[in-house]
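K.L.:
Quick one: sequence and predicted model below, then my questions.
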Amino acid sequence: MEKSFGLLFYLKKPKGYNKGDIHIYLRLTVNRISTEISTKRKCDPEIWISGAGRAKGKTDFAKSINTYLDLLQQKVYDARIKLLENNHSLTAENMKTLLLDGEIDQQKHMLLEIFKLHNDQMTALVGYEYSPGTLDRYNTAFRHTKSFLQWKYKIPDIDIVKLDYEFITEYEFWLKSVRRCDHNTAIKYLSNFRKIVNQCFRKGWLQKNPFGGFKMTKKEVERTALTEAELQKLITKEFSVERIVQVRDIFLFSCFTGLAYVDVKKLKRSEIFVGVDGDKWLVSRRQKTDVTARIPLLPSALKIMDRYTDHLQCTMEDRLLPVLSNQKMNAYLKEIADLCGINKNLTYHIARHTFATTVTLSNGVPIETVSKMLGHRNLKTTQHYAKVLDKKISEDMQKVREKFGSAESA
């Protein structure tokens, strides 16, 4: 539905006008976009009331002009209602077309065609504005949408004007029940889908945004990190299988640098620099946020890095570390957790949480510094990773105990 609607009759003076009757025009405005129509009538400016958009006086001429304009105004309101009733886009141009031609040949805008065009354009911009991971998520969202249309409506595509609140809620139900997505994953796919819908809405192809009133809130997830004791178990544990050792080392490298899997995988030797302090720093652009992370390398990270200096894969691919696929890394990490007696669902992303909490924050590194090293755009994102640890709470409260204990003994 339109946010604003305006109707105005006015006199349009031609170039070089001196005197005489002037053509009366109708200006239609919807959502600040205007179009004009000639009424095929003229009026003398001397008897024209601009504020009312009508002729002044009770002469037959004035009455005739005003009656005609009243009828034309009513046709405008009738056209507006007709557009709404037929689920056409309520735009100034559509109202003009309906007034002049008597009907609207409304072009259909099919959902999956629009979605595919968006993804094709995104594909062309991968490496410039989007990461391959972002494209993968939108391609998956496209496939989910296509499957949902088959499951719910038994159709290959749908006109976007048929989208409504019920469609969105049914889509959410399908993601959770048929696809078995958890709540936050379902919301992520719906967020991808909402971008397509919002584009259609802004182009005027939808009367109402079907996401209006739909809650997109994610559930708070408790982020898991390794404790110092668990981290030490990983460091000191001896493994007989070289592949297990390799996975453990790369995981620990992220524990001591805070890099996500995708950023470690693409890390090159040329991204290691000597910093202002004379020590080695890692300077790399994060794929997810396109923000540069600048990280002073801890001794543990340097040892791991040096261990793979002559590794064949690293030499051939100009990589810092021989990183396996994410799926294989996570599979091996579960085995490593069992061997080390760590009762946690060990995934690669836990390394990033461990760096944020156990390695940095719990050792007094300010959250602003941690945020910079993690490559976050804002502090709020870091606060989700870096929960306050029990150890830190204990230390803070100990200061309070000492303060009030000394006050009582005084």
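P.N.:
Yes, it's here.
K.L.:
alpha carbons only for contacts and neighbour counts from here, please
P.N.:
OK.
K.L.:
all helices of the stretch 201-350 of the chain, in order?
P.N.:
228-236, 242-255, 261-265, 299-307, 312-317, 326-340, 349-354 (DSSP state H, counting those that start in this stretch).
K.L.:
same deal with the stretch 1-150 of the chain?
P.N.:
60-85, 92-101, 111-124, 132-153.
K.L.:
Report the contact partners of the residue nearest to residue 321 when sequence neighbours are not counted.
P.N.:
Excluding its sequence neighbours, the residue lying closest to residue 321 (CA to CA, 6 or more residues apart in numbering) is residue 314, at 6.0 Å. When contacts are counted by CA atoms under 8 Å, 6 or more residues apart in numbering, residue 314 touches 308, 320-322.
K.L.:
Return the closest of those with respect to residue 338.
P.N.:
Lowest distance from residue 338 to those (CA to CA) belongs to residue 322, with 23.0 Å.
K.L.:
That closest one: neighbouring residues, count only.
P.N.:
The tally of other residues near residue 322 (other CA atoms under 10 Å) stands at 19.
K.L.:
Give me the residue ranges of the stretch 251-400 of the chain where confidence is low.
P.N.:
288-290, 385-393, 395 (pLDDT under 70).
K.L.:
Turn the contacts of residue 314 into JSON lines, including distance to residue 192.
P.N.:
Output for the contacts of residue 314, formatted as JSON lines (distance: CA to CA, whole Å):
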{"residue": "308", "distance to residue 192": "39"}
{"residue": "320", "distance to residue 192": "33"}
{"residue": "321", "distance to residue 192": "33"}
{"residue": "322", "distance to residue 192": "33"}
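K.L.:
Mark which of those are part of strands, please.
P.N.:
Applying DSSP state E to the contacts of residue 314, no entry is found in strands.
K.L.:
Can you give me the neighbour number for residue 38?
P.N.:
15.
K.L.:
How about it: what's its closest non-neighbour residue?
P.N.:
Distance criterion CA to CA, 6+ apart; nearest residue to residue 38, sequence neighbours excluded, is residue 25 at 4.6 Å.
K.L.:
Run through the bridge partners of the one you found.
P.N.:
Judged by DSSP bridges, the bridge partners of residue 25 are residue 10, residue 38.
K.L.:
now swap in the one 5 residues further on and tell me
P.N.:
Each beta-bridge partner of residue 30 is listed here: residue 5, residue 33, as defined by DSSP bridges.
K.L.:
Tell me which of the helices of the stretch 201-350 of the chain sits most buried.
P.N.:
Sort the helices of the stretch 201-350 of the chain by mean neighbour count, taking mean count of other CA atoms under 10 Å, and helix 349-354 sits at the top with a mean of 24.
K.L.:
Could you list the domains of this structure?
P.N.:
Segmentation of the chain into domains, based on automatic domain parsing, reads 5-101, 111-202, 228-394.
K.L.:
can I get those in a markdown table with distance to residue 221?
P.N.:
A markdown table is the format used below for the domains of the chain (distance: least, CA to CA, whole Å):
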| stretch | distance to residue 221 |
| --- | --- |
| domain 5-101 | 41 |
| domain 111-202 | 9 |
| domain 228-394 | 9 |
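K.L.:
hmm, back to that, name all residues that make contact with the residue nearest to residue 38.
P.N.:
Neighbours of residue 25 in contact, by CA under 8 Å, 6+ apart: 9-12, 36-39.
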